[in-house]
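Visitor: When you get a sec, could you give me coordinates for this:
(one chain, ligands or ions: 1)
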Amino acid sequence: MAVISVSFLDSLPLSSLLLLLLFCVVLWLRSFAGSSSSYGPKMHPVIGCLVPFYRNRHRLLDWYTELLASSPTQTIVIGRFGARRTVVTANPNNVEHVLRTNFPNYPKGEAFTDILGDLLGCGIFNADGQLWHTQRKLASHEFTTKSLREFVVETLESEAEERLLPILASACADRRAVDVQDLLRRFAFDTICKVSLGTNPCYLDASLPESELANAFEVASGISARRGAAPMAAVWKLKRAFDVGSERRLRGAVKLIHESIMELIRTRKTEMEKGTEHNDLLTRLISGGHSEEVIRDMVISFVMAGRDTTSAALTWFFWLISRRPDVEAEIVDEVKRFKGRLSYQELKDMKVLEACLCESMRMYPPVAWDSKHAAGSDELPDGTRIKKGDRVTYFPYGMGRMERLWGNNCREFDHRRWLSEHGEVVRASPYKFPVFQAGPRVCLGKEMAFAQMKYIAAAVLGRFELRRDHRHSRPPVFVPLLTAHMAGGLQMVVEKRKGEGAQSSESY
Ligand code: HEM
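Guide: Residues are numbered from 1 along each chain as shown. Now for the predicted structure:
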C-alpha cells in the first residue's frame with residue numbers, strides 16, 4: 001500500500017478505488033485468519049473477534065471449548081485487535097506436531113519467558129533452546145534417581161502422618177469444616193521444598209508463624225500470573241520500570257526468594273564440608289559442581305512447577321469423589337489391600353486410584369492451557385497455517401471435553417475408561433491427554449506427582465470421609481491462571497471412615 005503513489009490513486013475512478021480497497025481488506029482478513037481452512041469465531045475487519053471475546057471473557061475456557069467442538073478440524077484461530085494471532089487446538093495430531101515433530105519451531109518464546117523471567121531467571125521452566133536443553137539433561141539426571149524417589153516417599157510419609165492427618169483428625173473431632181484446597185496447597189509447598197531444597201518451611205503448621213518464603217512465592221507467582229493475564233504487557237512493564245504497585249511487591253518477593261535460597265546453598269555447602277548427608281535436589285546440584293546462580297534458578301523452577309499442580313489436581317479429585325460414593329468405595333477397597341508403610345512400588349500398584357486421578361485431571365487439568373510461540377511459519381497437520389510469532393495453544397481442558405476424543409459421555413466422570421478388563425491402567429496417548437505436556441518437554445515431575453497424589457488420597461480416604469459442606473453447595477468454579485484452582489477453596493466436613501475398609505485414625 002505504501003508504495004502506491006498518491007498521483008496514481010488520483011487518476012483512478014471511484015469504483016476502482018473502492019474495489020482496490022475491498023481487495024486490500026480481503027487480503028488483510030485472509031492474513032488474519034492465516035488460511036482458508038481455519039475456523040473460529042466470526043472475524044470483523046480491524047477488530048477481529050474483539051466483541052465476542054470481550055463478551056465471553058469470564059468464560060473463555062468454555063467459549064473456546066464450544067468453538068473447538070464445532071470446528072471440523074478441532075482447531076480455531078483467534079484474531080483480535082491489539083493481540084497476537086492465536087491458534088488454539090484440541091487436535092491430537094496438531095498437539096503432537098507442536099510438542100514433538102516440529103518441537104524446535106515452538107519454543108515458549110519471549111512473550112512467555114518475559115512474564116516469569118524476574119522470578120525464574122534461567123531456570124528450566126523458563127528457558128528455551130540450548131539453555132533449556134542443558135538444564136533438562138542436568139535435571140532429568142538428578143531428578144530420576146532411586147534415592148531421590150525413596151526420599152520423596154519418606155517426605156510424604158512424615159508430612160502426612162505428622163501434619164496433614166492430625167489436622168483432619170482435629171477438624172473431625174471439632175466437627176469443623178476445613179478448606180481442603182488450602183491444606184493441599186500448604187502440604188504441596190512443604191513437600192516440594194523438602195525434596196528440592198532439603199528444608200521444611202512448615203507452611204501446613206498453623207501453630208508456627210507463616211513461612212516468609214511461602215508467602216513470597218505466593219506473592220511472586222500471583223503477580224506473575226496477573227502479568228500473563230494483562231490485556232497489554234506494556235502496562236506491567238511500565239510499572240516495573242517505575243518500580244510501583246504490584247511490580248514493586250514482586251521485586252520485594254523475588255529478592256526474598258533469591259536471598260533465602262542463596263543463603264540455603266551456602267549453609268548446605270558448609271554442612272556438606274562437615275560430612276552431613278542430605279538427599280535433596282539442591283545437595284545433588286551442589287555436588288555436581290554447578291554455579292550458585294544455576295542451582296538457585298533450577299530449584300526455584302522446581303518449587304514453582306511442583307507447588308500448586310498436585311494440590312489443584314487433588315482438590316478436584318476430592319470434590320468429584322465426594323459425589324460418587326460407589327467410586328470412593330472402590331478406592332477404599334483397593335487402598336485397604338496395602339497395609340503398613342507405603343512404598344514407591346506399592347503406590348505404583350494402585351490402579352483404581354490412578355484411573356480416578358487421570359479421570360479427574362481429564363476433566364479438570366491443573367494446567368488448563370499452555371502456549372508456544374512460533375519461531376517460523378509452518379502448517380499444522382490439519383492444514384491450519386502458522387505464521388512467525390503466532391501463539392499456538394494446546395488446550396487440555398477443551399480436549400477433555402471433546403466427544404470425538406472421549407465419546408459422548410465425555411462430560412461424565414467414568415474412571416473405567418482408564419482400566420482394562422484385567423484392571424490394568426490403559427494409558428492414553430500423551431497428545432490426546434497432554435495434561436503433563438508431552439514430547440521432549442514433558443513434565444519432569446510426573447512420577448513424583450502421581451506418587452504424591454496417591455499417597456495423600458490413600459492416607460486420607462483410608463481414614464476419613466470428606467463431604468462437601470452443605471453451606472457451600474454451589475457448583476465450584478474452575479479458574480485457570482498459571483495453575484488452575486477452585487475459586488473460593490473447597491470447604492469440606494471431615495468424618496471418621498466407618499466400615500470394614502477403614503484404617504485407624506485414633507492416633508492423631
Ligand atoms: C499433577 C501434577 C502436575 C501436572 C499436571 C504438571 C504439568 C506440567 C506441564 C503441563 C508442564 C509443561 C509446562 C510448560 O512447559 O509450560 C510441566 C513442566 C514441568 N513440570 Fe510438571 N506437573 C505436575 C507436577 C509436577 C511436580 C510435582 C514437579 C516437580 C517436582 C514438576 C516439575 C516440572 C518441571 C521441572 C517442568 C519443566 C520441564 C521442562 O520444561 O523441560 N511437575 N508440568
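Visitor: alpha carbons only for contacts and neighbour counts from here, please
Guide: Fine.
Visitor: Quick check, central residue of the chain?
Guide: For the chain, the residue sitting closest to the mean C-alpha position, by C-alpha atoms, centre = their mean, is V367 at 2.9 Å.
Visitor: Helix, strand, or coil at that residue?
Guide: Under DSSP: H, G, I helix; E, B strand; the rest coil, the three-state class of V367 is coil.
Visitor: Next: the one 5 residues further on.
Guide: What three-state DSSP gives for K372 is strand.
Visitor: contacting residues for it?
Guide: 106-109, 391-393 (C-alpha atoms under 8 Å, 6 or more residues apart in numbering).
Visitor: between those, which is closest to the ligand?
Guide: Within these, the smallest distance to the ligand is 7.2 Å, found for K108 (C-alpha to the nearest ligand atom).
Visitor: ok, how many other residues are close to that closest one?
Guide: Neighbours of K108 under the rule other C-alpha atoms under 10 Å: 21.
Visitor: my read is it is in a helix, agree?
Guide: No: K108 is assigned coil when assessed by three-state DSSP, not a helix.
Visitor: pLDDT wise, what is it at?
Guide: On pLDDT, K108 comes in at 96.
Visitor: could you dump the contacts of K372 to a markdown table with distance to S301?
Guide: Converted to a markdown table, those look like this (distance: C-alpha to C-alpha, whole Å):
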| residue | distance to S301 |
| --- | --- |
| Y106 | 20 |
| P107 | 17 |
| K108 | 15 |
| G109 | 17 |
| R391 | 23 |
| V392 | 23 |
| T393 | 22 |
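Visitor: Of those residues - the most surrounded one?
Guide: Sorting the contacts of K372 by how many neighbours each has (other C-alpha under 10 Å) puts R391 first, at 26 neighbours.
Visitor: State the phi and psi torsions of that one.
Guide: Dihedral angles phi and psi of R391 (degrees, to the nearest 10) take the values phi -90, psi 130.
Visitor: OK, contacts around it?
Guide: With contacts taken as C-alpha under 8 Å, 6+ apart, R391 has the following neighbours: 84-87, 371-374.
Visitor: ok so, going back, could you dump the contacts of K372 to TSV with distance to the ligand?
Guide: Formatted as TSV, the entries for these read as follows, by distance: C-alpha to the nearest ligand atom, whole Å:
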residue	distance to the ligand
Y106	11
P107	9
K108	7
G109	11
R391	13
V392	12
T393	11
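Visitor: Just the buried ones from the contacts of R391, in PyMOL syntax?
Guide: To isolate the buried members of these in PyMOL, using 16 or more other C-alpha atoms under 10 Å:
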select buried, resi 85+86+87+371+372+373+374
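Visitor: Would you format the contacts of R391 as CSV with pLDDT included?
Guide: Putting the contacts of R391 into CSV (pLDDT from 0 to 100) gives the following:
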residue, pLDDT
R84, 88
R85, 92
T86, 94
V87, 97
S371, 95
K372, 97
H373, 97
A374, 98
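Visitor: quick one: which of the contacts of R391 is nearest the ligand?
Guide: Of all the contacts of R391, the one with the least separation from the ligand (C-alpha to the nearest ligand atom) is S371, at 7.1 Å.
Visitor: which one is the residue nearest to the centre of the chain nearest to, not counting chain neighbours?
Guide: When the adjacent residues along the chain are set aside, V367 lies closest to T483, with 5.2 Å between them (C-alpha to C-alpha, 6 or more residues apart in numbering).
Visitor: Then T309?
Guide: On the basis of C-alpha to C-alpha, 6+ apart, the spatially nearest residue to T309 that is not a chain neighbour turns out to be P366, at 5.5 Å.
Visitor: Same check on G109?
Guide: When the adjacent residues along the chain are set aside, G109 lies closest to H373, with 5.2 Å between them (C-alpha to C-alpha, 6+ apart).
Visitor: Check Y431 too.
Guide: Per C-alpha to C-alpha, 6+ apart, closest to Y431 is P92, 5.0 Å.
Visitor: Please look at that neighbour and K432 and confirm they touch.
Guide: Yes: if you go by C-alpha atoms under 8 Å, P92 and K432 touch, sitting 5.0 Å apart.
Visitor: residues from the stretch 351-500 of the chain in reach of the ligand?
Guide: Counting by C-alpha under 6 Å from any ligand atom, the stretch 351-500 of the chain comes close to the ligand at 366-367, 370, 435-437, 441-446, 448-449.
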